[in-house]
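Q: what follows is a protein structure lacking sequence information:
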């Protein structure tokens, strides 16, 4: 009986949960520091370069870096204050920790079960490749954390007060300027709000707001595509990139586009005139995205991530019907996020 009482007490003891989760999180961060240090190469190099350029000239080398401004500005600020890259990592760690706490609270909010919240949070922490970005000067760490914090906030709001609307708008802007795919939180949020707070007027609101959102998205996507630099969407088709930045052809295709190539019109030209190339690459990218494993990963790495994600896929399939039944707005918001991400991957 004493063991049973202790077990039941543990399952509902949020302070103990917080202590254990925090201990795991701290141990994980120390491991990353001692094992990898602070990563300033690879993707980080270009953000550091743009931060230096911004401090020297006040401008980026090309417009596409505007959509990675959160990380670049943070690096620039750390340089301006002579705080070193430790300041950047500290900020990334802070928001990652907040996102873990928000995730724990969200599970309690949705399931009203502290034991499940603890278990799911520990499982979330076990995906070390997600948290590894905390010591990388990439945009992923902040984008992942902001996405999770925003989603948790959105799912827990009970009314559309001016304060909540202001927070939503500010959060969406930050997401958009952290990574360009943050743009897709806009339509997902609109759909969520309509279903959550205006269920009786769903159809007219969808028609009215949907038309405005579609037009706005058209111009925003065009603006993003036309910003130059690495957002040149034609490049992956020339050398058949499956994984971003990794060509699979030695000799590039010759593709002539009679319209502005980095635009929705140019994208449609690829689909309509090179549909076989588009379909083939899209399917390969989609399978690579959801397939997770890579030929250049170690066997242990592939086994871990395959077991982790494929188990999640199966559990999602088993639980998706109940999710839509009990949490329709939340479920559609999440599905839209997956769909938009998948479409971005396929393109």
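A: Looks like it arrived, so ask away. As the structure is a prediction and not an experimental result, all values here were calculated from the model.
Q: show me the contacts for the residue nearest to the spatial centre of the chain.
A: Geometric centre of the chain, nearest residue: residue 144, 4.7 Å, by Cα atoms, centre = their mean. Applying Cβ atoms under 8 Å, 6 or more residues apart in numbering to residue 144 gives the contacts 96, 99, 130, 133. Quick note: C-beta positions are derived from backbone N, CA and C, even for glycine.
Q: mind listing what's buried in the one helix or strand it maps to?
A: With secondary structure defined by DSSP states H and E, residue 144 is part of helix 140-156. Using 16 or more other Cβ atoms under 10 Å as the test for burial, helix 140-156 gives 140-152, 154-155.
Q: and stretch 279-297, by the same measure?
A: Across stretch 279-297, burial judged by 16+ other Cβ under 10 Å covers 281-282, 284-285, 292.
Q: for those residues, which one is nearest residue 200?
A: residue 282 (38.4 Å; Cβ to Cβ).
Q: need the buried residues of stretch 279-297 in JSON lines (columns: secondary structure).
A: Below are the buried residues of stretch 279-297 laid out as JSON lines (DSSP: H, G, I helix; E, B strand; the rest coil):
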{"residue": "281", "secondary structure": "helix"}
{"residue": "282", "secondary structure": "helix"}
{"residue": "284", "secondary structure": "helix"}
{"residue": "285", "secondary structure": "helix"}
{"residue": "292", "secondary structure": "coil"}
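Q: before we move on, the earlier item: and the next element down the chain from the helix holding residue 144?
A: Per DSSP H and E, helix 140-156 leads on to helix 162-176 as the next helix or strand towards the C-terminus.
Q: relative to helix 140-156, how tilted is that next one?
A: 150 degrees (axes from the mean of the first three to the mean of the last three Cα atoms, to 10 degrees).
Q: contacts for helix 162-176?
A: Residues from elsewhere that reach helix 162-176, judged by Cβ under 8 Å, 6+ apart: 67, 70, 143, 146-147, 149-150, 153-154, 157, 182-183, 185-186, 189.
Q: likewise for stretch 64-84?
A: So stretch 64-84 is in contact with 47-48, 50-52, 54-55, 60, 85-88, 91, 137-139, 142, 174, 176-180, 182, 224, 227-231, going by Cβ under 8 Å, 6+ apart.
Q: mean confidence score for that stretch?
A: The average of the pLDDT scores along stretch 64-84 is 89.
Q: what about it, start to end distance?
A: 25 Å (Cα to Cα, to the nearest Å).
Q: give me the buried positions along it.
A: Neighbour-count burial for stretch 64-84 flags 64-72, 74-76, 78-79 (criterion: 16+ other Cβ under 10 Å).
Q: OK, contacts around residue 189?
A: 154, 168, 172, 333.
Q: same check on residue 143?
A: Contact partners of residue 143, counting by Cβ under 8 Å, 6+ apart, are 175, 178-179, 182.
Q: at 10 Å what do you get?
A: Residues near residue 143 by Cβ atoms under 10 Å, 6 or more residues apart in numbering: 68, 70-71, 95, 133, 174-175, 178-179, 181-182.
Q: where does the stretch 1-150 of the chain have low pLDDT?
A: Where the stretch 1-150 of the chain drops to pLDDT under 70, the residues are 1-12.
Q: rewinding a little: relative to residue 16, which of the buried residues of stretch 279-297 is nearest.
A: residue 292 (33.4 Å).
Q: so that closest one touches residue 127, yeah?
A: No - using Cβ atoms under 10 Å, residue 292 is not in contact with residue 127, being 11.3 Å away.
Q: pull up the overlap in contacts between these two.
A: 304-305, 308-309.
Q: now do the residue lying closest to residue 327 once chain neighbours are set aside against residue 118, distance only.
A: Distances taken as Cβ to Cβ, 6 or more residues apart in numbering put residue 110 closest to residue 327, at 6.6 Å, once the chain neighbours are dropped. The spacing between residue 110 and residue 118, counted by Cβ to Cβ, to the nearest Å, is 14 Å.
Q: quick one: which of these two has more around it?
A: Each of residue 110 and residue 118 has its neighbours counted (other Cβ atoms under 10 Å); residue 118 has more, 23 against 17.
Q: just checking, the more buried one is part of a strand?
A: No - counting by three-state DSSP, residue 118 is not found in a strand; it is helix.
Q: before we move on, the earlier item: among the contacts of stretch 64-84, which ones are buried?
A: In terms of neighbour count (16+ other Cβ under 10 Å), the buried residues within those are 47-48, 50-51, 54, 60, 85, 87-88, 91, 137-139, 142, 174, 176-180, 182, 224, 227, 229, 231.
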